[in-house]
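K.L.:
Would you be able to build a 3D model of this:
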Amino acid sequence: MAPRGCAGHPPPPSPQAWVCPGKMLAMGALAGFWILCLLTYGYLSWGQGLEEEEEGALLAQAGDRLEPSTTSTSQPHLIFILADDQGFRDVGYHGSEIKTPTLDKLAAEGVKLENYYVQPICTPSRSQFITGKYQIHTGLQHSIIRPTQPNCLPLDNATLPQKLKEVGYSTHMVGKWHLGFYRKECMPTKRGFDTFFGSLLGSGDYYTHYKCDSPGMCGYDLYENDNAAWDYDNGIYSTQMYTQRVQQILASHNPTKPIFLYIAYQAVHSPLQAPGRYFEHYRSIININRRRYAAMLSCLDEAINNVTLALKTYGFYNNSIIIYSSDNGGQPTAGGSNWPLRGSKGTYWEGGIRAVGFVHSPLLKNKGTVCKELVHITDWYPTLISLAEGQIDEDIQLDGYDIWETISEGLRSPRVDILHNIDPIYTKAKNGSWAAGYGIWNTAIQSAIRVQHWKLLTGNPGYSDWVPPQSFSNLGPNRWHNERITLSTGKSVWLFNITADPYERVDLSNRYPGIVKKLLRRLSQFNKTAVPVRYPPKDPRSNPRLNGGVWGPWYKEETKKKKPNKNRAEKKQKKSKIKKKKQQKTVSGKPANLAR
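P.N.:
Predicted structure coming up:
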């Protein structure tokens with residue numbers, strides 16, 4: 001019987017024979033047979049956990065058969081794993097009751113990032129990771145890219161996979177895209193990825209892969225490169241399905257060639273769904289949303305164990321860098337916890353933007369350490385390009401920094417500030433004004449900035465409470481924006497010393513007006529470099545019913561060109577007639593009746 005979770009899905013293919021002919025070819029064939037045996041018995045799949053001794057023996061055998069005889073590339077294999085909506089507390093080493101043994105072990109053997117920041121919602125974090133730029137420099141300052149909008153990450157941005165391909169990397173994405181798809185040029189395979197397997201939208205059913213954006217706007221959302229992956233409409237849980245695809249990619253890739261794997265899991269974003277067996281350890285959790293969330297996170301933890309095991313088995317691990325990150329804070333109404341931080345997903349309080357993150361790699365110089373230097377998600381772009389021995393064009397203005405020496409060697413971070421965001425559309429702070437901003441800044445605008453120890457917030461930063469785990473009742477998990485309630489304090493400016501007060505309990509804005517003014521001026525300086533906001537209205541052509549029941553590109557360039565071409569032809573005909581009439585009346589620039 002196939003291991004639970006793998007039913008209906010083909011096992012990863014055996015590795016190609018990468019080594020020389022003759023004797024080495026025979027060994028490669030043997031290795032392929034051995035791997036297929038492993039897969040048959042479930043060692044590289046789901047449902048059978050390996051004890052440490054068994055895992056060690058397995059890897060020793062794998063090393064004898066699979067490690068290539070040639071010298072591996074000097075360029076490291078880059079694996080970036082992005083979890084969705086994982087709260088700051090929701091990892092074992094932050095004190096969670098949820099069991100995450102894989103994450104705990106990888107982090108303990110690597111470098112924990114304990115001053116690491118992302119964005120408060122999905123699209124902004126993903127766009128900043130893949131471009132190395134703040135939202136204000138891509139036009140994505142406001143909200144997320146919605147499936148009905150003719151919008152995507154601007155095409156004039158050079159993406160991380162595109163830069164890595166320039167220096168010989170094979171680039172693959174598995175999981176959630178959420179950077180727009182209204183036209184084909186916006187798809188992952190057109191933005192630098194050799195292959196893509198995953199979803200285009202921000203959320204959806206984990207088993208059916210369907211998503212309704214609103215009544216009557218429903219469609220299938222699972223893609224294999226540029227086409228709907230209908231063959232995978234067979235009820236496999238997405239966390240497991242994505243992991244199996246990663247195993248396939250690694251099994252078929254030559255480890256002497258550098259690879260970039262971007263694994264953007266759907267978990268633990270709502271809807272709250274998980275295979276039944278993952279609930280067994282959490283019967284004591286009373287809150288049903290928290291219990292479901294815990295089961296989802298345990299499944300994700302097991303998935304990352306299987307990815308790590310595949311890296312070791314197929315000969316990638318010793319020259320790999322694994323980066324783990326959440327994309328934003330957790331949603332308390334959907335089971336997540338950011339305790340003891342303030343706020344939640346969708347807010348600029350620490351609970352919305354301070355993330356779980358670590359780096360695990362045999363290439364680290366200082367393993368088993370904690371990095372408390374300031375790190376932001378934009379920093380991965382220049383860091384990974386530098387590790388890949390690539391070049392960043394001089395005309396590209398990045399907001400990220402190369403922080404590898406900070407992480408690997410414990411050096412000071414080159415970063416001293418973070419622009420969390422400036423959203424000129426979100427101006428819901430009733431008491432915000434230019435006067436409240438000392439004439440420097442309109443404090444009705446939602447914005448947040450960190451400079452060294454100081455953090456300034458203006459406008460309405462969002463839901464502002466401190467929420468212990470399980471404190472929320474069993475509310476609907478899909479309405480995270482309900483948490484963005486209007487503040488009743490009448491304030492529109494806050495100042496905190498985050499180093500001394502990481503939980504944002506003591507507002508210092510009245511005590512230090514000079515620092516407030518300094519940070520307001522910094523906001524104003526940043527705002528001068530901002531590009532216009534891209535947030536177009538809904539387009540009815542996006543309805544999946546008009547596109548074969550699938551969410552996907554709907555904007556067709558050729559249909560836009562037909563009308564202009566027709567108009568041009570008509571205009572040419574009219575001009576030609578007018579010209580002929582004029583020629584009949586005029587000779588050598590003189591009226592016909594005067595020309596002799």
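
K.L.:
Without its sequence neighbours, what residue ends up closest to Ile377?
P.N.:
Val118 (4.6 Å; Cβ to Cβ, 6 or more residues apart in numbering). Placement of C-beta: from N, CA and C, glycine included.

K.L.:
cool, Trp349 as well?
P.N.:
Using Cβ to Cβ, 6+ apart, the closest residue to Trp349 is Gly343 (2.7 Å).

K.L.:
The helix or strand hosting Thr383 packs against which elements?
P.N.:
Assessed by DSSP states H and E, Thr383 sits inside helix 380-387. Applying 3 or more Cβ pairs under 8 Å, 6 or more residues apart in numbering; DSSP states H and E, we find helix 380-387 packed against strand 77-83, helix 122-131, helix 160-166, helix 404-409.

K.L.:
deepest of the ones you listed, which one?
P.N.:
helix 122-131 (a mean of 27; mean count of other Cβ atoms under 10 Å).

K.L.:
related to what we said a few turns ago, ok, the residue nearest to Ile377 to Lys133 distance?
P.N.:
As for Val118, its distance to Lys133 is 14 Å (criterion: Cβ to Cβ, to the nearest Å).

K.L.:
same question, Gln86
P.N.:
24 Å.

K.L.:
how many neighbours does Lys556 have?
P.N.:
Counted with other Cβ atoms under 10 Å, residues neighbouring Lys556 total 12.

K.L.:
Burial check on the residue nearest to Ile377, number of neighbours?
P.N.:
Applying other Cβ under 10 Å, I find that Val118 has 27 neighbouring residues.

K.L.:
repeat for Phe526
P.N.:
19.

K.L.:
Okay, and it sits in which element?
P.N.:
Using DSSP H and E, Phe526 falls in helix 513-527.

K.L.:
List the residues that contact the spatially most central residue of the chain.
P.N.:
Nearest to the geometric centre of the chain sits Arg126, at 3.5 Å (Cα atoms, centre = their mean). Residues near Arg126 by Cβ atoms under 8 Å, 6 or more residues apart in numbering: 82, 177-179, 264, 327.

K.L.:
redo that, cut-off 10 Å
P.N.:
Neighbouring residues of Arg126 by Cβ atoms under 10 Å, 6 or more residues apart in numbering: 82, 84, 118-119, 140, 144-145, 153, 176-179, 202, 262, 264, 327, 377.

K.L.:
can you check Trp339 too?
P.N.:
87-90, 94-96, 330, 332, 351, 466-471, 503.

K.L.:
If any of the residues you listed are buried, put those into a ChimeraX selection.
P.N.:
Only the buried entries of those go into this ChimeraX selection, using 16 or more other Cβ atoms under 10 Å:
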select :87,88,89,90,94,96,330,332,351,466,467,469,470
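
K.L.:
Counting only helices, which of the contacts of Trp339 make the cut?
P.N.:
The members of these that map onto helices under DSSP state H are Gly351.

K.L.:
remind me which residues of the protein are low pLDDT?
P.N.:
By pLDDT under 70, the low-scoring segments of the chain are 1-72, 471-489, 557-596.

K.L.:
Where does the record place the domain boundaries for it?
P.N.:
Domain assignment for the chain by automatic domain parsing gives 1-70, 74-415, 419-527, 565-594.

K.L.:
Most tightly packed of the ones you listed?
P.N.:
domain 74-415 (a mean of 21).

K.L.:
so how far is the first residue of that one from its last?
P.N.:
27 Å (Cα to Cα, to the nearest Å).

K.L.:
Just the helices from the stretch 251-400 of the chain, written as ranges.
P.N.:
Here the stretch 251-400 of the chain has its helices, by DSSP state H, counting those that start in this stretch, at 288-313, 350-353, 380-387.

K.L.:
now the shortest one, how far from the centre of its chain.
P.N.:
Centroid displacement of helix 350-353 relative to its chain, using Cα atoms, centre = their mean, to the nearest Å, is 16 Å.

K.L.:
by contact count, what packs against that helix?
P.N.:
strand 116-117, strand 417-423, strand 446-451 (3 or more Cβ pairs under 10 Å, 6 or more residues apart in numbering; DSSP states H and E).

K.L.:
I figured Gly219 was touching Arg545, is that so?
P.N.:
Yes - in this structure, Gly219 is within contact of Arg545 by Cβ atoms under 10 Å, at 7.7 Å.

K.L.:
residues contacting Pro362?
P.N.:
76, 109-110, 317-322.

K.L.:
any idea how far Gly462 is from it?
P.N.:
40 Å.

K.L.:
Asn543 now?
P.N.:
Distance of Asn543 to Gly462, computed by Cβ to Cβ: 31 Å.

K.L.:
same deal with Pro147?
P.N.:
For Pro147, the distance to Gly462 - Cβ to Cβ - is 23 Å.

K.L.:
same question, Ala108
P.N.:
33 Å.

K.L.:
Could you do Lys184 as well?
P.N.:
Applying Cβ to Cβ, one obtains 35 Å for the distance of Lys184 from Gly462.

K.L.:
Thr148 too?
P.N.:
When Thr148 is compared with Gly462 (using Cβ to Cβ), they lie 24 Å apart.
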